[in-house]
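Student: Based on what follows, work out the 3D shape:
(chains A, B, C and D)
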2 protein chains.
Amino acid sequence: MNNNTEYTPIDWANLGTLKFVSKGTLLQEEGMKSTKSFYVKKGLLRSYTIDDNGKIHIFMFAPEAWLVSDVASYINSKPTDFFVEAIEDSEIMEFEMTSISVDFSHSEDGKIHPEISKLLRRIAVLQKRVIMLMSATARERYEHFLETYPQLINRVPLKMVASYLGITPEALSSIRRKMRNKEI
Amino acid sequence: MNNNTEYTPIDWANLGTLKFVSKGTLLQEEGMKSTKSFYVKKGLLRSYTIDDNGKIHIFMFAPEAWLVSDVASYINSKPTDFFVEAIEDSEIMEFEMTSISVDFSHSEDGKIHPEISKLLRRIAVLQKRVIMLMSATARERYEHFLETYPQLINRVPLKMVASYLGITPEALSSIRRKMRNKEI
DNA sequence: CTAATTTCTTAATCTACATTAAGACATTCG
DNA sequence: CGAATGTCTTAATGTAGATTAAGAAATTAG
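Tutor: This is a model prediction of the structure:
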């Protein structure tokens, strides 16, 4: 048990190879053996899969200070299912997941390392998303998205928001119309 | 960077307070401030939420050697949304999440600590679940469940499987009938 | 053991969203 | 700049699964 409350956070912004990528650049494609991760210094990435019918499903958006990595591919040593694409001109730090070294411990006052906290937050977000995908209406999920990521609204096309929510653009348009008309 | 390949895994089975609980016991209720986690030595737990319409949504099952904890509640210091219930007579180790101390680091040969590996596997599973909830049919999700957790089939009532899959029991019955009839 | 309760299945009807189609407008490309 | 392409919206039609209802069988409770 490490009782030292002073952690040295990972300096994500200087961990690997700095890259400037323009909008539309594919940083990762499905089928690749992917041990790389991407930290967003500036810009916006998305991670997505394409299903058997050719439909795109956005798994996550990653604005500044976010980290994109395919944990499943890394932990199972399998080719990734995910594409990673820049949806704005971006500045990213690309690094190997093996570069990471963190002490997962609690201080006396209950603090945990910020990077482990980041990992646990990832789990918390995914937990919520699973439950909402099972129990909430598409509208409720959109409303939750608006509350949770207000800064993304002007940066992400509605079509992609729909893809992230697991609904069609038409459904999202319909929802937005109802919200404008103050329908229940 | 710790280059020592010999980790001391957490001895979950002896970490906190041993409890014998009978089937139906509620270990945790929504609204509780929950910092506890439960390690299953023997038996089976489920973690679930109840939505505004009173409908139960099972977030996870936890058979032997599994760990149940509400990361979201812990990380956000908010009351939990989740119930935790024993669905078999069970033997569990109950402990505080602050008890955990692990070194998240990689050895020279790329190994990571088994507990961090466990955490990353949790993320991988949730990743997959999110994508499938967005892109797969209910049948595909059931088939994936059968492949992934074959040992649960005889221990968990079909009604609960349906709840875990985010579908109704009627839908699951319909799917099973089609599979029996070899329909596409 | 019997009565009560739960589980599972079936089928008819309903519904939230998907699919298809297309127009208006905005953005990108050459 | 004009043409091509993409985005967003709208509406009609279709569909996978939800809801409602109920019977048969299994399990639980007293």
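Student: Quick one: name the residues of chain A near DNA strand C.
Tutor: A:Asn53, A:Lys55, A:Thr137, A:Ala138, A:Arg139, A:Gly166, A:Ile167, A:Thr168, A:Glu170, A:Ala171 (CB under 7 Å from any atom of the strand). Every C-beta, even on glycine, is put in place using the N, C-alpha and C of the backbone.
Student: Of these, select the buried ones using a PyMOL command.
Tutor: The following PyMOL line selects those of the residues of chain A next to DNA strand C that are buried, judged by 16 or more other CB atoms under 10 Å in any protein chain shown:
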select buried, chain A and resi 138+139+166+167
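Student: Distance to B:Val130 added to the residues of chain A next to DNA strand C, as a markdown table?
Tutor: Converted to a markdown table, the residues of chain A next to DNA strand C look like this (distance: CB to CB, whole Å):
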| residue | distance to B:Val130 |
| --- | --- |
| A:Asn53 | 18 |
| A:Lys55 | 15 |
| A:Thr137 | 17 |
| A:Ala138 | 15 |
| A:Arg139 | 19 |
| A:Gly166 | 9 |
| A:Ile167 | 14 |
| A:Thr168 | 18 |
| A:Glu170 | 22 |
| A:Ala171 | 18 |
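Student: For the residues of chain A next to DNA strand C, work out which two are farthest apart.
Tutor: Spatial extent of these (CB to CB) is set by the pair A:Asn53 and A:Arg139 at 24.5 Å.
Student: quick revisit: okay, and which of the residues of chain A next to DNA strand C map to helices?
Tutor: Judged by DSSP state H, the residues of chain A next to DNA strand C include A:Ala138, A:Arg139, A:Glu170, A:Ala171 as members of helices.
Student: near DNA strand D, from these?
Tutor: The overlap between these and the neighbours of DNA strand D (CB under 7 Å from any atom of the strand) comes to A:Glu170.
Student: list the buried ones in the helix or strand that A:Ser117 is a member of?
Tutor: In the assignment (DSSP states H and E), A:Ser117 maps to helix A:114-135. Applying a neighbour-count criterion of 16+ other CB under 10 Å, one finds A:115-116, A:118-120, A:122-127, A:129-135 buried in helix A:114-135.
Student: is DNA strand D contacted by it?
Tutor: No. On the criterion CB under 7 Å from any atom of the strand, helix A:114-135 is out of touch with DNA strand D, staying 8.4 Å away.
Student: Report all helices and strands that that helix contacts.
Tutor: Packing partners of helix A:114-135 (3 or more CB pairs under 8 Å, 6 or more residues apart in numbering or on different chains; DSSP states H and E): strand A:102-104, helix A:138-148, strand B:56-62, helix B:71-76, helix B:114-135.
Student: Spatially central residue in chain A, please.
Tutor: Geometric centre of chain A, nearest residue: A:Met60, 3.6 Å, by CA atoms, centre = their mean.
Student: quick one: low-confidence ranges for chain A?
Tutor: Scanning chain A for pLDDT under 70 picks out A:1-10, A:98-115, A:182-184.
Student: you'd agree A:Ile87 is up against A:Lys23?
Tutor: Yes. Using CB atoms under 8 Å, A:Ile87 makes contact with A:Lys23 at a distance of 6.4 Å.
Student: more neighbours, the two?
Tutor: A:Ile87 (20 against 12; other CB atoms under 10 Å in any protein chain shown).
Student: Kindly report the residues of chain A close to DNA strand D.
Tutor: A:Pro157, A:Leu158, A:Lys159, A:Met160, A:Pro169, A:Glu170, A:Leu172, A:Ser173, A:Ser174, A:Arg176, A:Arg177.
Student: if we go to 10 Å?
Tutor: Contact residues, chain A versus DNA strand D (CB under 10 Å from any atom of the strand): A:87, A:134-135, A:154, A:156-163, A:168-178, A:180-181.
Student: Quick check on the residues you listed: which are buried?
Tutor: Buried by 16+ other CB under 10 Å: A:Ile87, A:Met134, A:Ser135, A:Val156, A:Met160, A:Val161, A:Ala162, A:Ser163, A:Leu172, A:Ile175, out of the residues of chain A next to DNA strand D.
Student: Quickly name whichever of those residues is closest to A:Tyr48.
Tutor: Using CB to CB, these come closest to A:Tyr48 at A:Ser163, 7.2 Å.
Student: and the nearest residue to that closest one once chain neighbours are set aside, bridged to which residues?
Tutor: Excluding the flanking residues, the one nearest A:Ser163 by CB to CB, 6 or more residues apart in numbering or on different chains is A:Ile58, at 4.4 Å. Using DSSP bridges, the bridge partners assigned to A:Ile58 are A:Tyr48.
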